[in-house]
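Asker: Output the structure for:
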Amino acid sequence: MPPAGYLHAGLEPETIAVRGLPCLPGFDPSGALKAPPDEEETVIHYARRLAAVLVGAAAAALTLTALAGATHLEGFGHANPVGAGTTSTSCTIASQCLSVTNTAAVDFSAAVRAVGGASGFSIGVDSTVTGNGIAIRGLTPAATDGWGVEGIGGDSGLGVFGHTPTGSAVSYGVEGDSGSNADLGAGVFGFNNGSSAVSAGVYGNAPTGTGLVGIGGSIGVLGYSPSGLAGLFIGNVHVQGTLSKSAGAFRIDHPLDPANKYLQHSFVESPDMKNVYDGVVTTDARGFATVTLPHYFQALNRSFRYQLTSLSGLQNVAVAKEIANNRFVVQSAKPHSKVSWQVTGIRQDPYANAHRIQPELAKPAAERGRYLSPELYGKPTSLGLREAQVLARAKPAATRTNR
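Answerer: Next up is the predicted model:
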């Protein structure tokens, strides 16, 4: 008969068994707990053996969580829920604390899959580093079209969300870096399969700042559309530099039929950086009139040209005094005559002097033999400028589908 302390625990030594465990001290090979050698053993003796049973049972429970045929990581089961408030372990090895590999050649197979809760801010994977480390890193082998990291959002959610705290230092919610030497290699690539005319591959929004910044060694921002608009600006636009174009015009709703027509006019252009001023003046009883120009006129302009036309019948009109102190004098053969005048001047401000327009210039070596509009000269489109060729080759991207 075992001691009273053993029976008080409610245990029968002949019926306690843990199958499939190694033979530990106090167990026979069948896994059954051996009865004490005699009734002289103390309660402490049985308590120690009971502790061994419990440790073995816990190990067996963890081992048995594996699914049939699965490869198991030591210490990880298929269903090991972690209670709230449980802390994670740490490691100090130089490579990985945990390495998981999935070699299945199946779409969407995963080495690690994490699913967050139903809360709007629940997190499937939460990784934090100290210092300048990387919390999450995705790597895809070279020479493949895979993605290191893919984010998939719901109908109104976000596939990938990058956030930096408020501060004065330069920081980025999302940064993309590419070492590609290929045309159209990009640090960040945005693609939108939507059908809306204003759907966006990349969308930038800064309520009090700049929505999109492009900085490039050759081109800061490049837009391409084979049939639509390469760029659309709704609002005022400022170009700090020289604007070059193939043609220019204004377009407005037609004043006589604004619902159904547009009205367009071409720019007035010149090989010079020329400003135009005009007006109408009436001569006095002696046939003279003084035209006063803006107070900045002579500071801004040089090389003045004049045009005068009588609006009071056929007569001679002339410039009696040329421009001085931002004014000039008109003379008509008849007194009290209306005279239409026009004056032009070439800009002489510091910026214009430093960036004078050259009417003719040789094409750079890389652009010789190529055309801005090859089709207008009976040339194939392959002789267009390199940027146009590169973007034309990018058009098949429009057929790309999501995985």
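
Asker: Name the SS class of residue 278, please.
Answerer: For residue 278, the assignment made with DSSP: H, G, I helix; E, B strand; the rest coil gives strand.

Asker: What residue, apart from its backbone neighbours, is nearest it spatially?
Answerer: residue 342 (4.1 Å; CB to CB, 6 or more residues apart in numbering). Just so you know, the C-beta spots here come from the backbone N, C-alpha and C atoms, and that holds for glycine as well.

Asker: partners of the helix or strand containing the one you found, with directions?
Answerer: Using DSSP states H and E, residue 342 falls within strand 338-347. Next to strand 338-347 in the sheet, as set by DSSP bridges, lie strand 274-282 (antiparallel), strand 301-310 (antiparallel).

Asker: Let's have those in JSON lines, adding distance to residue 238, mean pLDDT and mean neighbour count.
Answerer: JSON lines is the format used below for these (distance: least, CB to CB, whole Å; pLDDT from 0 to 100; neighbours: other CB atoms under 10 Å):
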{"stretch": "strand 274-282", "distance to residue 238": "19", "mean pLDDT": "98", "mean neighbour count": "14"}
{"stretch": "strand 301-310", "distance to residue 238": "22", "mean pLDDT": "98", "mean neighbour count": "14"}
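
Asker: Please name whichever of those strands is nearest to residue 227.
Answerer: With CB to CB, the closest approach to residue 227 among the strands paired with strand 338-347 belongs to strand 274-282: 35.2 Å.

Asker: count of neighbours near the closest residue to residue 381 other than its chain neighbours?
Answerer: Sequence neighbours aside, residue 374 is the residue nearest to residue 381 in space, at 5.8 Å (criterion: CB to CB, 6+ apart). Residue 374: 16 surrounding residues under other CB atoms under 10 Å.

Asker: need the contact list for residue 374.
Answerer: Contacts for residue 374 were tallied using CB atoms under 8 Å, 6 or more residues apart in numbering; they are 380, 381, 382, 383, 384.

Asker: Please tell me which one of the residues you listed counts the most neighbours.
Answerer: residue 384 (18 neighbours).

Asker: Now do that one against residue 186, distance only.
Answerer: Distance, residue 384 to residue 186, using CB to CB, to the nearest Å: 22 Å.

Asker: Looking at the strands paired with strand 338-347, which is nearest to residue 137?
Answerer: Among these, strand 274-282 sits nearest to residue 137 (CB to CB), with 58.0 Å.

Asker: Tell me the first helix or strand C-terminal of the closest one.
Answerer: Past strand 274-282, the next helix or strand by DSSP H and E is strand 288-292.

Asker: Parallel or antiparallel, which strands does that following strand pair with?
Answerer: strand 327-332 (antiparallel).

Asker: Pull out the C-alpha coordinates of the partner strand and format them as PDB.
Answerer: Extracted in PDB, the C-alpha atoms of strand 327-332 (Å, rounded to 0.1, in the frame of the first residue of the first chain):
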ATOM      1  CA  ARG A 327       7.700 107.600 -72.200                       C
ATOM      2  CA  PHE A 328       7.700 108.700 -75.800                       C
ATOM      3  CA  VAL A 329       5.800 111.300 -77.900                       C
ATOM      4  CA  VAL A 330       3.500 110.700 -80.900                       C
ATOM      5  CA  GLN A 331       2.800 113.400 -83.500                       C
ATOM      6  CA  SER A 332      -0.100 113.500 -86.000                       C
END
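
Asker: For that strand, report the contacting residues that lie outside it.
Answerer: Contacts of strand 327-332 (CB under 8 Å, 6+ apart): 281, 283, 287-293, 306, 308, 310, 312, 315-322, 339, 341, 343.

Asker: Distance-wise, check the closest residue to residue 375 other than its chain neighbours relative to residue 363.
Answerer: The shortest distance from residue 375 to any non-neighbouring residue, by CB to CB, 6+ apart, is to residue 381 (6.4 Å). According to CB to CB, residue 381 and residue 363 sit 18 Å apart.

Asker: is it fair to say residue 318 lies in a strand?
Answerer: Yes: counting by three-state DSSP, residue 318 is found in a strand.

Asker: Next one, pLDDT for it please.
Answerer: Each residue has a pLDDT score; the one for residue 318 is 98.

Asker: Not counting its neighbours along the chain, what's nearest residue 188?
Answerer: Per CB to CB, 6+ apart, closest to residue 188 is residue 176, 3.5 Å.

Asker: check contacts around the one you found.
Answerer: 186, 187, 188, 189.

Asker: Give me the subset of these lying in strands.
Answerer: Using DSSP state E, no member of these sits in strands.

Asker: Give me the buried subset of those residues.
Answerer: Taking 16 or more other CB atoms under 10 Å as the criterion, nothing in those is buried.

Asker: How is the protein partitioned into domains?
Answerer: 4-61, 274-354, 362-395 (automatic domain parsing).

Asker: ok, back up a step: out of the strands paired with strand 338-347, nearest to residue 130?
Answerer: Proximity to residue 130 (CB to CB) singles out strand 274-282 among those, at 61.3 Å.

Asker: I would like the residues contacting that closest one, please.
Answerer: Contacts for strand 274-282 (CB under 8 Å, 6+ apart): 268, 289-291, 293-294, 297, 300-301, 311, 330, 336-347.

Asker: Stretch 228-236 too?
Answerer: For stretch 228-236, the external contacting residues (CB under 8 Å, 6+ apart) are 223, 224.

Asker: where exactly do the strands run in the stretch 151-300 of the chain?
Answerer: For the stretch 151-300 of the chain, the strands defined by DSSP state E, counting those that start in this stretch cover 249-253, 262-266, 274-282, 288-292.

Asker: and the first one, what does it pack onto?
Answerer: Using 3 or more CB pairs under 8 Å, 6 or more residues apart in numbering; DSSP states H and E as the contact criterion, the elements in contact with strand 249-253 are strand 262-266.
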